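Enquirer: my questions concern the predicted model and sequence given below.
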Amino acid sequence: MTCKRYDIVLLDIEGTTTPISFVRDVLFPYVKHNIREFLETRWKEPQVQKHIQAIAKQANDDVNAGILSAVKINLDGPHADSAEVIRHKVLLNIEWQMKADRKIGALKALQGCIWRVGYESGQLQGTMFSDAVEAIRRWKAAGVKIYIYSSGSIEAQKLIFGFSDHGNLLQYISGHFDTTTGQKIDSSSYKTIADKIGIAPDRILFVSDIILEVSAANQAGMQTVLSVRPGNAPVDAGAFETSSNFMTIPLNSSKASTIELE
């Protein structure tokens, strides 16, 4: 299969550069085990209060939408909840949202704050596939710019690359996108990213383990590769190109108009 040269690589994280097991078995449990203490000790911090307000708005929107798992949070007014009750309700909402693996900004932003504590204290270290790191370094050396597009917040993205088991990898990353840009299964999101980068979609190579995301990027005109990694859900790739080792994805060439994806 052939494709035109690419000048940009747009990477997903979970199941692409990083094992799904790290997210599910390390990052998520860390939030679950530490969120109560985090809220109690940092409750008055402006940034934490900002996240609480976002969680409350999302919870109340969910209640109004008829989502039975959601718990209404009263932040103000004559029937405002106490700080202790608000913390309890935040915990309840976070718990069911994480179980449902919701891709919403309010949840992801608060998770990022909690993870920062873990990374900076040395309790957490981002796990990366070695070939992904090697490919990132090779792309960078060849003049290919690398961007990240993940459902995790930009804050969380920077932490996993900045505190990785291969050192600080942020020096190789030109920019980050999360769901504030748009949902990853919507083709319009990828058009928006191309516009923000300032390049035609067909000069971007998008790599992800989720077939719906790869399909959406393809519909937007991007070149795509489906990441096939240990622990990823089985998927029928169909006509999409796959890779289990990113070093098999050839570099773009300044001397050739096309490259062959192996």
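Expert: Thanks, I have it. Here the structure is a predicted model, which is why all the values come from computation and not from measurement.

Enquirer: out of all of them, which helix in the protein is the longest?
Expert: The longest helix of the chain (DSSP state H) is helix 46-64.

Enquirer: buried residues in it, which are they?
Expert: Neighbour-count burial for helix 46-64 flags 48, 51-52, 54-56, 58-60, 62-63 (criterion: 16 or more other C-beta atoms under 10 Å). In short, each C-beta sits where N, CA and C put it, glycine included.

Enquirer: what's in contact with stretch 94-106?
Expert: Residues from elsewhere that reach stretch 94-106 (C-beta atoms under 8 Å, 6 or more residues apart in numbering): 28, 31-32, 35, 51, 54-55, 57-58, 69-70, 107, 110, 151, 153, 178-180, 183-184.

Enquirer: in ChimeraX, select just the buried ones from the residues you listed.
Expert: In ChimeraX, this line selects whichever of the contacts of stretch 94-106 come out buried by 16+ other C-beta under 10 Å:
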select :31,35,51,54,55,58,70,107,110,151,153,178,179,184
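
Enquirer: listing request: residues of the stretch 151-262 of the chain with sub-threshold pLDDT.
Expert: For the stretch 151-262 of the chain, applying pLDDT under 70 flags the ranges 253-262.

Enquirer: ranges for the strands of it?
Expert: In the stretch 151-262 of the chain, the strands defined using DSSP state E, counting those that start in this stretch lie at 173-177, 204-208, 223-227, 242-243, 258-260.

Enquirer: paired strands for the fourth one, with orientation please.
Expert: Using DSSP bridges, the strands paired with strand 242-243 are strand 223-227 (parallel).

Enquirer: and the strand it pairs with, how far from the chain's centre?
Expert: Counting by C-alpha atoms, centre = their mean, to the nearest Å, strand 223-227 is centred 16 Å from the centre of its parent chain.

Enquirer: which residues touch it?
Expert: By C-beta under 8 Å, 6+ apart, the residues outside strand 223-227 that reach it are 3-4, 6, 12, 15-16, 202, 204-209, 211, 214, 217-218, 235, 237, 240-244, 249, 261.

Enquirer: now swap in stretch 56-73 and tell me
Expert: Here stretch 56-73 makes contact (C-beta under 8 Å, 6+ apart) with 55, 75, 81, 86, 89-90, 92-93, 96, 100, 104, 106-107.

Enquirer: centre of the chain to it, how far?
Expert: Centre to centre, stretch against its chain (C-alpha atoms, centre = their mean), the figure for stretch 56-73 is 24 Å.

Enquirer: and it, how far apart are its ends?
Expert: From its first residue to its last, stretch 56-73 covers 5 Å (C-alpha to C-alpha, to the nearest Å).

Enquirer: need the buried residues of helix 46-64 in CSV (columns: pLDDT and distance to Gln123).
Expert: Converted to CSV, the buried residues of helix 46-64 look like this (pLDDT from 0 to 100; distance: C-beta to C-beta, whole Å):
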residue, pLDDT, distance to Gln123
Val48, 91, 19
His51, 92, 20
Ile52, 93, 23
Ala54, 94, 25
Ile55, 94, 23
Ala56, 95, 28
Gln58, 95, 27
Ala59, 95, 28
Asn60, 95, 33
Asp62, 95, 31
Val63, 96, 34
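
Enquirer: could I get those as JSON lines with distance to Lys196?
Expert: Formatted as JSON lines, these follow (distance: C-beta to C-beta, whole Å):
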{"residue": "Val48", "distance to Lys196": "29"}
{"residue": "His51", "distance to Lys196": "25"}
{"residue": "Ile52", "distance to Lys196": "30"}
{"residue": "Ala54", "distance to Lys196": "23"}
{"residue": "Ile55", "distance to Lys196": "27"}
{"residue": "Ala56", "distance to Lys196": "30"}
{"residue": "Gln58", "distance to Lys196": "25"}
{"residue": "Ala59", "distance to Lys196": "30"}
{"residue": "Asn60", "distance to Lys196": "31"}
{"residue": "Asp62", "distance to Lys196": "30"}
{"residue": "Val63", "distance to Lys196": "34"}
